[in-house]
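> With the input below, show me the fold.
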Amino acid sequence: MTHFVVVRHGETRWNLEQRIQGQGDSPLTDSGRTQAEAIARRIAAEPAFDLLVSSDLGRAHDTARAIARATGHEIRLDARLRERHFGIGEGLTYDEVGERFPGAFRSDGVIDPDYTIPGGESRRRFHERVARAFEALAADHPDERVIVVSHGGVLATLYRHIHRIPLAEPRRIAIGNASYNAMSFSAGAWTLHAWADDDHLSDDSAFEEA
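Numbers count the residues shown, from 1 in each chain. Next up, the predicted model:
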């Protein structure tokens, strides 16, 4: 059995502006850095872990650095854990993307998992990438405890994978910045232990992925 704690990065400037970051980047805000320190203290107070792995995008890496400082672990960067690529939609607000690319999120209550913004990644390809990445980590680190720092979309598609929610089905999934999400993988099956836990944060507003 491999145990995971998966953390969404701290708040960024583009989070506040409701802009799609994707594989672009935006710096952590002062609040985001405070959130990163808070989740780092929580993880440092828990039982020891074996591996700290992070998306190689700046906002996740900066959050992971806080955990590394608090625990003494080195960070392993992994591009498989990047956010979904939104192509030419990156940097636009969610409203702007909805206007320019109506199929990007949903249409008449149904999501097209194969729709791709030019230059980007479909929901299906993103989902498959993330599922493979986590299950490869589990295979490489049996009987270990792994801390992963990643992104809201990664957490949302992992939640779908664990609960076998169809990609075409809209579903509101709350994922706060620097939230604590715990799960395990054993014998080909996932078990969820904690989701969107933000008890370590003094004030947090949850992102919702559909």
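> how much space between the spatially most central residue of the chain and residue 97?
Geometric centre of the chain, nearest residue: residue 151, 2.5 Å, by C-alpha atoms, centre = their mean. Residue 151 sits 17 Å away from residue 97, going by C-beta to C-beta, to the nearest Å. Glycine gets a C-beta too; all of them are placed from N, C-alpha and C.
> same question, residue 78
Applying C-beta to C-beta to residue 78 and residue 97 gives a distance of 27 Å.
> list the helices and strands the helix or strand where residue 174 lies packs on?
Secondary structure assigned from DSSP states H and E places residue 174 in strand 173-176. Strand 173-176 sits against helix 152-163, strand 189-197, strand 206-209, with contacts defined as 3 or more C-beta pairs under 8 Å, 6 or more residues apart in numbering; DSSP states H and E.
> Ends of stretch 12-31, what's the gap?
8 Å (C-alpha to C-alpha, to the nearest Å).
> for that stretch, which positions count as buried?
Neighbour counts over stretch 12-31 (16 or more other C-beta atoms under 10 Å) mark 12, 14-15, 19-26, 28-29, 31 as buried.
> Show me which pair in those residues is furthest apart.
23 and 31 (22.9 Å; C-beta to C-beta).
> Just the pLDDT at residue 8, thanks.
Confidence at residue 8, expressed as pLDDT, is 98.
> pretty sure it is touching residue 173, no?
No - under the criterion of C-beta atoms under 8 Å, residue 8 makes no contact with residue 173, lying 11.5 Å away.
> Now list whatever residues contact both of the two.
Here residue 8 and residue 173 share the contacting residues residue 155, scored by C-beta atoms under 8 Å, 6 or more residues apart in numbering.
> what about those two, which has more around it?
residue 8 (29 against 21; other C-beta atoms under 10 Å).
> who's in contact with that one?
149-152, 155, 175-179, 181, 207.
> Could you check how far it is from residue 189?
On the measure of C-beta to C-beta, residue 8 and residue 189 end up 24 Å apart.
> Ok, residue 115 next?
Distance from residue 115 to residue 189, by C-beta to C-beta: 30 Å.
> Which of these two has more residues huddled nearby?
residue 115 (17 against 9).
> so the longest helix anywhere in the chain versus strand 189-197, what angle?
Ranked by residue count, the top helix of the chain under DSSP state H comes out as helix 123-140. Here the directions of helix 123-140 and strand 189-197 differ by 110 degrees (axes from the mean of the first three to the mean of the last three C-alpha atoms, to 10 degrees).
> Extract the CA atoms of helix 123-140 and return them as PDB.
What follows is helix 123-140, C-alpha atoms only, in PDB (Å, rounded to 0.1, in the frame of the first residue of the first chain):
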ATOM      1  CA  ARG A 123      -9.800  16.700 -20.400                       C
ATOM      2  CA  ARG A 124      -9.400  13.000 -21.400                       C
ATOM      3  CA  ARG A 125      -5.700  13.200 -22.100                       C
ATOM      4  CA  PHE A 126      -5.100  15.200 -19.000                       C
ATOM      5  CA  HIS A 127      -7.100  12.700 -16.900                       C
ATOM      6  CA  GLU A 128      -5.100   9.700 -18.300                       C
ATOM      7  CA  ARG A 129      -1.800  11.500 -17.700                       C
ATOM      8  CA  VAL A 130      -2.600  12.200 -14.100                       C
ATOM      9  CA  ALA A 131      -4.000   8.700 -13.300                       C
ATOM     10  CA  ARG A 132      -0.900   7.100 -14.900                       C
ATOM     11  CA  ALA A 133       1.400   9.400 -12.900                       C
ATOM     12  CA  PHE A 134      -0.100   8.600  -9.500                       C
ATOM     13  CA  GLU A 135      -0.300   4.900 -10.200                       C
ATOM     14  CA  ALA A 136       3.400   4.900 -11.400                       C
ATOM     15  CA  LEU A 137       4.400   6.600  -8.200                       C
ATOM     16  CA  ALA A 138       2.500   4.000  -6.200                       C
ATOM     17  CA  ALA A 139       4.300   1.200  -8.100                       C
ATOM     18  CA  ASP A 140       7.700   2.800  -7.600                       C
END
